[in-house]
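> coords below, sequence missing:
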DNA sequence: AGGTGAGTGTACAACGTTGTAGGATGGCCG
DNA sequence: CGGCCATCCTACAACGTTGTACACTCACCT
């Protein structure tokens, strides 16, 4: 159906290779030949067959992005940023959802499922640090997220510890002394929860405030409902606190709702800060203070590093670990008058 | 680098076609031959080259999805549902973002940009009904959304008018008589805003309540901030109302925030309903009543119809217009005690 | 006049796969 | 025993593209 090089060549009275040369901007073509070809191309509405091209070149111009779920705002905004970054570099993005399920994640790494792509941006949730050897794959892979460190591949991530420390320090600077945490994962050391909790503890230590385990609310998932439930448990436990650090914005928003239902004023009675800088936090009541983890930078860097690996071939440059710069965003939920 | 049919054939001592036959489950192969081939395949870690396969077959197994932005929750949840639906049918999804910009939308339709795909799910925002002739493209295309009706392609959509009428009727049934609207688009007839506004008017008419133009708050974009701004304008205008219909959830959530800042109680002073059934509405304060437009059904149907068109070839079945079933979701924001 | 080299174009092969046509083997029937 | 069919396998061509090698035409220099 669609026109091919052959059709164009016939129409222009040249060889198919000449048409190919015109398309690929080869230098030495007479102006009139070129014009004849260009006219034939537009007349026939020719556009190159990318399957053939990629068979020939071994490249597809498509990268894969594996995330848990797009319905989680964080990953939707990440995917948005990555698609934009990829587009700037002439790449398309094919998205794969894992549900944060370890088996599905491993399957993506092992299987030939993810073909038609030149490389993969991989944001695991179910896998843990002990799974890092599974990242030894034969295709270019850039790791995202906070589940695995020191793995065999390039890794683009955020400054979890440092920025969590800054978030906590911010609350302490406002005069708060009993900072509750919403969203801890029990016994986790590596992972968003573990790292951010460490930053929290560092900030306490620096301020000379003892760590009180009773202030940490645990949960498994980081959905809004979990933030609400965890906060309700904290309130029920009777522990006293004057500030809350939600380990992500979604948790913080869920927690805020429960605080308000309980008649507590934010930030007057309880100051709140989240983590992620979701769009949503700009429009909540009150607006949510948060950490901007540098999502745009992460997306841009990840795509760039992946593209480098793709074109590099086998040059075994050692894996890089890159941290994006974070930024504290102060909004109403932590702005204490006086 | 990667093993090919040739390598496997050599290792198993058969022709490449036999290997191909094994892979494609051809009937007549002796058991021992088959076993030798299977062993060679797993030994060499062979997996088929999809570029070559798709060059040969003319199919890629990938469909495109063009949406305005994934950072808009509605489209993130739509993309999530579509990826899941596609996976059930063995298809992968390549996502393209248009920013809701008409020029970008037209570019996607005309350009060969979107290659490597067998067809396109297209959710325009910038295009209008007069642009519908641009949908006459040479590849399988299924239209989504409410911008264009009666176009030349299959179209999967929601029952905008009917469900908006139900939403309004719900508020009226709660005894409200002055229902404000947030998010109208001036002079729009076709499009989410225009259609839902028509449903709103139909409900009023059925209830014998005159339409008061002063109750309609207009905006251009449907972001949270627009909901807030529009609601503030309504309040400033001094017009009286006892209920609000947000033409989508995001608008409704933005509006709720302003209502609460103004000291109004929801639902006691003002009942609120939205549209879309975003996850978010389940966790807002109060939780948001809304219309579930049948997103899962839309995703599933759209992928199915597209796949039919892809495999059908040129059978010029007339375009179908399919409406998903909606559902009214009653939550706190419209639950009036007494 | 012959040689050189840059410019312009072509033929052929190859990327890895699968459809088509047909060859080889063996069993069964008349 | 010849013929026929079913089973199993192979050689070849083709999908549309681009790299390689080479052929031809001029100008220009020696």
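Noted; the coordinates are in hand. What you are looking at is a predicted structure, and each value in this text was computed from that prediction instead of being measured.
> tell me which parts of chain A are close to DNA strand D?
Contact residues (Cβ under 7 Å from any atom of the strand) of chain A with DNA strand D: A:2, A:4-6, A:16-17, A:20, A:23-24, A:46, A:48-49, A:52-53, A:55-57. For the C-beta atoms, the positions are set from N, CA and C on the backbone; glycine is no exception.
> which of the three states applies to residue A:177?
The local conformation at residue A:177, judged by DSSP: H, G, I helix; E, B strand; the rest coil, is coil.
> and it, how many residues sit next to it?
Using other Cβ atoms under 10 Å in any protein chain shown, the number of residues around residue A:177 comes to 13.
> wait, doesn't residue A:286 sit right on residue A:334?
No - Residue A:286 lies out of contact with residue A:334 (Cβ atoms under 8 Å); the separation is 9.1 Å.
> restricted to buried residues, select the residues of chain A next to DNA strand D in ChimeraX.
Only the buried entries of the residues of chain A next to DNA strand D go into this ChimeraX selection, using 16 or more other Cβ atoms under 10 Å in any protein chain shown:
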select /A:5,20,23,46,48,49,52,53,55
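> from the residues of chain A next to DNA strand D, which ones fall inside strands?
If you go by DSSP state E, the residues of chain A next to DNA strand D have nothing in strands.
> ok, and which of the residues of chain A next to DNA strand D reach chain B?
With Cβ under 8 Å from any Cβ of the partner chain as the criterion, the residues of chain A next to DNA strand D include A:2, A:48-49, A:52, A:55 near chain B.
> just the ones of these in helices?
In this view, those that belong to helices under DSSP state H are A:52, A:55.
> near DNA strand C, from the ones next to chain B among the residues of chain A next to DNA strand D?
Near DNA strand C, judged by Cβ under 7 Å from any atom of the strand, the entries from these are A:52, A:55.
> and of the ones next to chain B among the residues of chain A next to DNA strand D, the nearest to residue B:290?
residue A:2 (44.2 Å; Cβ to Cβ).
> touching, the closest one and residue A:50? I think so.
No - at 11.3 Å, residue A:2 does not count as touching residue A:50 under the criterion of Cβ under 8 Å.
> how about low-confidence regions in the stretch 201-338 of chain A?
A:313-315, A:337-338 (pLDDT under 70).
> enumerate the residues of it near chain B.
Checking the stretch 201-338 of chain A against chain B by Cβ under 8 Å from any Cβ, the hits are A:224-225, A:228, A:253-254, A:256-257, A:260-261, A:279-280, A:282-285.
> again, only this time at 10 Å
By the rule Cβ under 10 Å from any Cβ of the partner chain, the part of the stretch 201-338 of chain A lying against chain B is A:223-225, A:227-228, A:250, A:253-254, A:256-261, A:278-280, A:282-287, A:313-314.
> among these, which are located in helices?
Filtering these for helices - DSSP H - leaves A:224-225, A:227-228, A:250, A:253-254, A:256-261.
> of those residues - the most surrounded one?
Most neighbours among those, by other Cβ under 10 Å: residue A:227, with 31 neighbours.
> what residues does that one make contact with?
Applying Cβ atoms under 10 Å, 6 or more residues apart in numbering or on different chains to residue A:227 gives the contacts A:182-183, A:217, A:219, A:221, A:244, A:246-258, A:274, B:283.
> emit the PyMOL select command for whichever of those residues are buried.
To isolate the buried members of these in PyMOL, using 16+ other Cβ under 10 Å:
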select buried, (chain A and resi 182+183+217+219+244+246+247+248+249+250+251+252+253+254+255+256+257+258+274) or (chain B and resi 283)
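> please enumerate the helices of the stretch 51-200 of chain A.
Here the stretch 51-200 of chain A has its helices, by DSSP state H, counting those that start in this stretch, at A:73-88, A:102-110, A:160-173, A:192-206.
> now the first one and helix A:192-206, what's the angle there?
Taking axes from the mean of the first three to the mean of the last three Cα atoms, to 10 degrees, helix A:73-88 and helix A:192-206 form an angle of 110 degrees between their directions.
> what does the third one give?
Between helix A:160-173 and helix A:192-206, the angle formed by their directions is 50 degrees, by the same axes, to 10 degrees.
> just checking, what packs against helix A:160-173?
The criterion is 3 or more Cβ pairs under 10 Å, 6 or more residues apart in numbering or on different chains; DSSP states H and E, and the helices and strands that helix A:160-173 contacts are strand A:179-184, helix A:192-206, strand A:243-246, strand A:271-273, strand A:290-292, strand A:321-324, strand A:327-329.
> buried residues in that helix, which are they?
Residues of helix A:160-173 classed as buried: A:160-172 (neighbour count, 16+ other Cβ under 10 Å).
> which pair in the residues you listed spans the largest distance?
Using Cβ to Cβ, the pair of these lying farthest apart is A:160 and A:172, separated by 18.4 Å.
> by mean pLDDT, show me the worst of the helices of the stretch 51-200 of chain A.
Confidence, taken as mean pLDDT, is least for helix A:102-110 of the helices of the stretch 51-200 of chain A (a mean of 93).
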